[in-house]
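*Asks:* Give me the fold of what follows.
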Amino acid sequence: MIAKLAFGQFRDLPMPVEKKDTVKREIKTWTVDDIYGVADTVVIDSLITSYQDNQPINNYSIANSWNGNLGSPLESKIYFDRKVSSREDMFERAYAPYLIKPSDVRYYDTKQPFSQMVYRSAFPLQNEEDYFKIMLTLNANKHLNVGGLCNLIYGRGQYQYQSSNMLNGGFWTTYTGKQYEVVSSVMFNSFKNRENGGISDNNYILNPQYSIQASNIPVNFSNVQSAYRNFNYFFNHRYKLGREMERKAKSVLGVDSTYTEYVTIMTLTHTFHAEDVARKYVEESVPMGFYANNYFSNSYTKDSTAYWSIANTFAVTLEEEFNRLMRFGLSAYIKYDIRHYGMGIKNREDTLRFDNSYSHNLILGANLFKREGKWVKYDIDGRIYLVGQHIGEFDLDGRFDFEFNVGREPLGIMAAAGFRNYSEYHQYRYYESNHFKWSDLDFNNSLALDIKGRIGLPKRDISIGVQFQNITNYVYLNEKCIPTQHDGNVQVLAVDLLAKLRAWRFHLDVQAVYQLTGNRDVLPLPDVALYGNFYYMDKFFKVLTVQLGTSVRYHTEYYGNAYMPALGQFYLQKDVLIGNYPEMNVYANFHLKTVRFFVQYYHLNKGLFGGTNYLSMPYYPINPATFQFGLSWNFWE
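*Replies:* Numbering: from 1, shown residues only. Model (predicted):
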């Protein structure tokens, strides 16, 4: 991850301006944390270079396990890229690259209505993969903004019975006054996937003698579907207490002048958050020989799980201005939530089993921070469960960011550490379905120690990061896809490099990760993962930016996790080696004023060089060579 060396401040992002415009095209965009509602500036999606890679899978990680179809379940092969935002719903993590949760929502403040349209697709048409996005935001006045977003993915799939359908998005509004602020959003995430259980034999990929067209390769399932839905509502409002203060300013002539500014000393915050989640797995006819057990029916499967939560959080913050001597801020909050877990099993006529359980939780948290200033910023955060099934569990995290110059060269350093005591997913303790069943798994709480750091040269676009984690009582899915706890410690060490090199008009962008896992039997990872992008870029006719290049993704060989359709989870396997194969592409990107478009020939080396093991995970190959194209258009009116 690239360290955020500056945060918590709004930043103006000027966009291209035509001389005839009378209103400056200017936009601010930010996200907020789901406890205090503190703003964290983000950059608007106006990327000029490497636009062909700007899609959820590539944005998530440089190496992933998936079935090759956009919108399908996924797990990163880079351990520290794996996003875990909730330990209440185990099904969420397979859709993490696509989900829009409250902390992911981008809020806007713009002087003109701003909209963006994106369309991506691929040939051949009978197997095309469509991605459509539309976003609109506008200000009613200088305080009130409203907006909406819709993302649609429909992938027919290069292999049989693997289509994906994703629809997500929602609406948001913000009000920013001198003392009162509101952010609110309603977001929906819906996924429907045909599950084919993978190809029937890896030799169709690994052995050239078996090679046939991708759409003709036999697969394990033909009438199986899974669906996942996540709906969330978020409302945060803040009231700022402070006073008008007189400030001094110098004019261009060097004459002092004064002005008044409202300075916030204390902020009172209330947050309401509701989330509703459901997953279904349906087999119109039960596959023969694929699953070891059919506990409830040999002819039909309909497994369902549900989870919902309602939370209220009250917080008080003493802002940095309250302490002129030490210049730090201090926050505290108390949070109460109720959580519901449901599980159902049906045949064609009746409900065979249905279970409900509830949990009430009370959480206390505090935050010590310094977000202003030039040289040093820090953020120390902690929380503990006081009441509920997680009583005694806690998180403690600290992060320091340093910015200074070495000669004329700016240098950024980030250092962070964390310690957590947590229990695993609710479904890891008790779960029942037609093919999998376990109960009363009495796991000890896991303990995790995290240490990480990054040093970077912003002007030269080079940074190096180090991350380390030690986990005690690590819980994983074993080779039978059953939750299991490792008795002892597991360590992971990762070193990564981010670099953008340039010579004349030629560029080389590099991301490299080295990973060392302390126990490959319970936590397998590739030793090295690489992404390289070599391209030529120039501007023609003073308005058209052209980028021509080739990119490659590669990771070393290892026993990568397998995918279990009935659970939507990734689990250990020790039979099939994955990796040691370069995935290469050649592309052309174009940028003309507010329009970006690209063409790309994906996986060009298939059947030519690099070997034959283009399995992303056991029995799931990446897509064969395809022609891809895409367009993004920003509108200011």
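
*Asks:* where in the chain is pLDDT low?
*Replies:* For the chain, the stretches with pLDDT under 70 are 1-25, 46, 250-256, 324-325.

*Asks:* In it, which residue is most central in space?
*Replies:* For the chain, the residue sitting closest to the mean C-alpha position, by C-alpha atoms, centre = their mean, is Pro97 at 4.2 Å.

*Asks:* what's the neighbour count on the nearest residue to it once chain neighbours are set aside?
*Replies:* Of all residues not flanking Pro97 in the chain, Tyr60 sits nearest, at 3.8 Å (C-beta to C-beta, 6 or more residues apart in numbering). In short, each C-beta sits where N, CA and C put it, glycine included. Applying other C-beta atoms under 10 Å, we find 20 residues neighbouring Tyr60.

*Asks:* Also the one 10 residues further on?
*Replies:* When neighbours are counted by other C-beta under 10 Å, Leu70 registers 24.

*Asks:* how close does it sit to Glu321?
*Replies:* As judged by C-beta to C-beta, to the nearest Å, Leu70 and Glu321 stand 47 Å apart.

*Asks:* do the same with Leu508
*Replies:* Computed with C-beta to C-beta, the distance linking Leu508 and Glu321 is 45 Å.

*Asks:* Could you do Phe468 as well?
*Replies:* Distance from Phe468 to Glu321, by C-beta to C-beta: 36 Å.

*Asks:* Show me where the stretch 201-350 of the chain has its helices.
*Replies:* Taking DSSP state H, counting those that start in this stretch, the helices of the stretch 201-350 of the chain run over residues 203-206.

*Asks:* now swap in the stretch 401-550 of the chain and tell me
*Replies:* Counting by DSSP H, counting those that start in this stretch, the stretch 401-550 of the chain has helices at residues 426-429.

*Asks:* hey, where'd the strands end up in it?
*Replies:* In the stretch 401-550 of the chain, the segments counted as strands under DSSP state E, counting those that start in this stretch are 409-422, 431-432, 437-438, 446-457, 462-472, 475-477, 483-485, 489-503, 506-517, 528-540, 544-555.

*Asks:* Make CSV out of those strands and add distance to Tyr159 and mean neighbour count.
*Replies:* CSV is the format used below for those (distance: least, C-beta to C-beta, whole Å; neighbours: other C-beta atoms under 10 Å):
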stretch, distance to Tyr159, mean neighbour count
strand 409-422, 38, 17
strand 431-432, 29, 20
strand 437-438, 30, 14
strand 446-457, 37, 17
strand 462-472, 35, 18
strand 475-477, 24, 20
strand 483-485, 30, 19
strand 489-503, 32, 16
strand 506-517, 28, 18
strand 528-540, 24, 17
strand 544-555, 20, 18
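
*Asks:* Using JSON lines, lay out those together with distance to Asn298.
*Replies:* Shown next, in JSON lines, are the strands of the stretch 401-550 of the chain (distance: least, C-beta to C-beta, whole Å):
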{"stretch": "strand 409-422", "distance to Asn298": "38"}
{"stretch": "strand 431-432", "distance to Asn298": "17"}
{"stretch": "strand 437-438", "distance to Asn298": "15"}
{"stretch": "strand 446-457", "distance to Asn298": "37"}
{"stretch": "strand 462-472", "distance to Asn298": "39"}
{"stretch": "strand 475-477", "distance to Asn298": "25"}
{"stretch": "strand 483-485", "distance to Asn298": "25"}
{"stretch": "strand 489-503", "distance to Asn298": "39"}
{"stretch": "strand 506-517", "distance to Asn298": "40"}
{"stretch": "strand 528-540", "distance to Asn298": "42"}
{"stretch": "strand 544-555", "distance to Asn298": "40"}
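
*Asks:* List the buried residues in the helix or strand hosting Asn145.
*Replies:* Assigned by DSSP states H and E, Asn145 belongs to strand 144-155. Going by neighbour count (16 or more other C-beta atoms under 10 Å), the buried part of strand 144-155 is Asn145, Val146, Gly147, Leu149, Asn151, Leu152, Ile153, Tyr154, Gly155.

*Asks:* One more: stretch 287-295?
*Replies:* Neighbour-count burial for stretch 287-295 [16+ other C-beta under 10 Å]: Pro287, Tyr291.

*Asks:* where's that stretch relative to the chain centroid, distance-wise?
*Replies:* Taking the mean of its C-alpha atoms, stretch 287-295 sits 33 Å from the chain's own mean (C-alpha atoms, centre = their mean, to the nearest Å).
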